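Visitor: just to be clear, the model below is a prediction. Sequence and coordinates:
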Amino acid sequence: MNQHLSAGENPHFEVKKRGSTIQWTLQSPGIRESINHPMFSTLKHVNLSSILHFVNQYCQFSEAFEHRLGRYVKQKSDDSTLITCLIAWGTNMGLGRMGETSDISYYALANVSDNFLRPETLRKANDLVSNAIAELPIFRHHDIGGTLHSSSDGQKFESQIQTVNARHSPKYFGLKKGIVSYTLIANHVPVNARIIGANEHERHYVFDLLFNNTTEVQPTIHSTDTHGSNEVNFAILHIFGYQFAPRYRDIHHKVSHALYGFKHPSQYGDVLLKPIRKINTQLIMNEWDNIQRIMVSLALKTTTQSIIVSKLSAYVRKNKTRQALWEYDNIIKSLYLLDYVDSAPLRQNIQRALNRGESYHQLRRAVSYANFGKLRFKTEYEQQIWGDCARLLTNCIIYYNAFILSDLLTYSDSCGDTARVALLSQVSPVAWQHINFYGRYDFSKQPEIIDMETILQQLIQLPLK
């Protein structure tokens, strides 16, 4: 890497001298992927319920919803009532308000919700839609750098009702409390997600999202922002066959404090970038058996990454297993930092993957539009149901858009229009300007007479506060 710098082969690396102090900066070319592509605005508006019925016709995700009593009950859910329940939960509207504004009663919605909507069935339904998206022709055209490059990031939601995991986050909620929906995105598809508290570190759940991904969409490179990296993520993901590629806010500070080598820094000569100390390889070899036991525990799913990290962090600093795991992590991290500084395409790919996560967050926010986007659920279980329902709605929207793009791609490819094929591969399936989230008014029926006197009498009886 230093040879590339001295030869001028890294034009984005800029060295600045201030007196005797030498500092450097790294210019990363900006990469943006447009959402709500103008092509979708030319389409006819379609209701969200129609999209779910369309996706169910091809993916059969309704088959994933089995009755709570299993084989002892032969009852199957009605697709219309089931889809209404999914919309009520996913849009944050709630079953009560949906029962008041739709032609399906609250009791019918509550019955289907209680018997068929569970985290297990919702995850299975999401996996069916995600796998169906992966089978569409347009899916592989969204690969980044010729590979399946995923990213994960958390989205904050304010909670109106205090729950156990609703915590303060002044940056996002002010004096209020909220939760975080931490989602794994691969080629625009939300393949896995979980609800965590606003006080929890997102970096502790990176491996959990990747390893517990039950879809056929299996990424090889995974990116996060600066908050997604810690002292063990490089090591854990490397052992399990993933390449961890986070984006750093201050790369100069990171390289200055986290670059290590196999030799003493004095042996690297007079170069601009050199390690801060030598890796203790003997410690890694001595503790390798204990490190392997930790990894086997993760592989067998007897524990989670968040528990491992919290346990290791609770140990005294002189714990040899913890130090050895950190040393192993320093090796993988140092190799990555050298690639990150030396390769502009790598930085562009990372930024593109993270931008897709931000695009998904905007779609997710548009889906959960009711109640000003503030959650009203009383328990963590209900928050989990809401999170999986909202992810299923966004998955269906992405499938609908990707289905349209795939048809256009197949037609253009059959006509030999390579230019149009190249343009279509750049169109993001994250779009919703052609989707009606708010339902449809029916003015053909006789309007309900509003009795203002009754309304006035009800308000008079209410005490003013």
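Guide: The structure has been received and is ready for your questions.

Visitor: got the CA positions of stretch 167-176 in CSV?
Guide: Taking C-alpha atoms only, stretch 167-176 is exported to CSV below (Å, rounded to 0.1, in the frame of the first residue of the first chain):
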residue,chain,number,x,y,z
ARG,A,167,-35.4,3.3,26.3
HIS,A,168,-34.2,6.9,26.1
SER,A,169,-32.2,8.2,23.1
PRO,A,170,-32.1,12.0,23.2
LYS,A,171,-30.6,12.2,19.7
TYR,A,172,-33.7,10.6,18.2
PHE,A,173,-36.5,10.8,20.7
GLY,A,174,-35.7,13.8,22.8
LEU,A,175,-37.3,13.2,26.2
LYS,A,176,-39.4,10.3,24.9
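
Visitor: list the buried residues of the lengthiest helix in the chain.
Guide: Counting residues, the longest helix in the chain under DSSP state H turns out to be helix 380-414. Going by neighbour count (16 or more other CB atoms under 10 Å), the buried part of helix 380-414 is 382-406, 408-409, 412. C-beta here means a position set from N, CA and C on the backbone, and glycine is covered the same way.

Visitor: where does the closest residue to Y242 other than its chain neighbours fall, secondary structure wise?
Guide: With sequence-adjacent residues excluded and distances taken as CB to CB, 6 or more residues apart in numbering, Y242 is closest to H222, at 5.5 Å. Element membership of H222, judged by DSSP states H and E, is strand 221-223.

Visitor: likewise for N10?
Guide: Using DSSP H and E, no helix or strand contains N10.

Visitor: list the contacts for it?
Guide: 1, 4, 341-342, 344 (CB atoms under 8 Å, 6 or more residues apart in numbering).

Visitor: rewinding a little: average pLDDT across the longest helix of the chain?
Guide: For helix 380-414, mean pLDDT is 93.

Visitor: helix, strand, or coil at the residue positioned nearest the centre of the chain?
Guide: By CA atoms, centre = their mean, the chain has its centre lying nearest to T183, at 2.4 Å. At T183 the chain is in strand, as set by DSSP: H, G, I helix; E, B strand; the rest coil.

Visitor: relative to K318, how far out is it?
Guide: The spacing between T183 and K318, counted by CB to CB, to the nearest Å, is 38 Å.

Visitor: just P38 next, same as before
Guide: Counting by CB to CB, the gap from P38 to K318 is 60 Å.

Visitor: got it, and L423?
Guide: Counting by CB to CB - L423 and K318 are separated by 59 Å.

Visitor: which one's more surrounded, these two?
Guide: L423 (13 against 7; other CB atoms under 10 Å).

Visitor: the more buried one is in what secondary structure piece?
Guide: Judged by DSSP H and E, L423 forms part of helix 418-424.

Visitor: tell me how far the next helix or strand after that helix is from the chain's mean position?
Guide: As assigned by DSSP H and E, the chain's next helix or strand after helix 418-424 is strand 435-436. Put simply, strand 435-436 sits 23 Å off its chain's centre (CA atoms, centre = their mean, to the nearest Å).

Visitor: same check on stretch 431-441?
Guide: 23 Å.

Visitor: give me the buried positions along it.
Guide: 431-432, 434-435, 437.

Visitor: between the residues you listed, which is nearest S306?
Guide: W432 (32.7 Å; CB to CB).

Visitor: against T215, how distant is the residue nearest to the closest one when sequence neighbours are not counted?
Guide: Distances taken as CB to CB, 6+ apart place A366 nearest to W432, at 5.5 Å, with adjacent residues excluded. Going from A366 to T215 by CB to CB gives 23 Å.

Visitor: between these two, which one's more packed in?
Guide: T215 (20 against 17).

Visitor: so is the more buried one in a helix, a strand, or just coil?
Guide: coil.

Visitor: quickly note the distance from it to I284.
Guide: Taking CB to CB, one finds T215 at 34 Å from I284.

Visitor: same for the longest helix of the chain, what does it pack against?
Guide: Counting contacts by 3 or more CB pairs under 8 Å, 6 or more residues apart in numbering; DSSP states H and E, helix 380-414 packs against helix 48-59, helix 79-90, helix 119-135, strand 177-186, strand 189-197, helix 344-367, helix 418-424.

Visitor: make it 6 Å
Guide: Helices and strands touching helix 380-414, by 3 or more CB pairs under 6 Å, 6 or more residues apart in numbering; DSSP states H and E, are helix 48-59, helix 79-90, helix 119-135, strand 189-197, helix 344-367, helix 418-424.

Visitor: for these, give me a markdown table that also has mean pLDDT.
Guide: Formatted as a markdown table, the helices and strands packed on helix 380-414 follow (pLDDT from 0 to 100):
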| stretch | mean pLDDT |
| --- | --- |
| helix 48-59 | 93 |
| helix 79-90 | 94 |
| helix 119-135 | 97 |
| strand 189-197 | 95 |
| helix 344-367 | 94 |
| helix 418-424 | 88 |
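
Visitor: out of those, nearest to E327?
Guide: helix 344-367 (24.4 Å).

Visitor: contacts for the closest one, please.
Guide: Contact partners of helix 344-367, identified using CB atoms under 6 Å, 6 or more residues apart in numbering, comprise 12, 28-29, 31, 33, 35, 144-145, 149, 151, 153, 155, 185, 188, 190, 223, 245, 247, 339, 390, 393-394, 430, 432.
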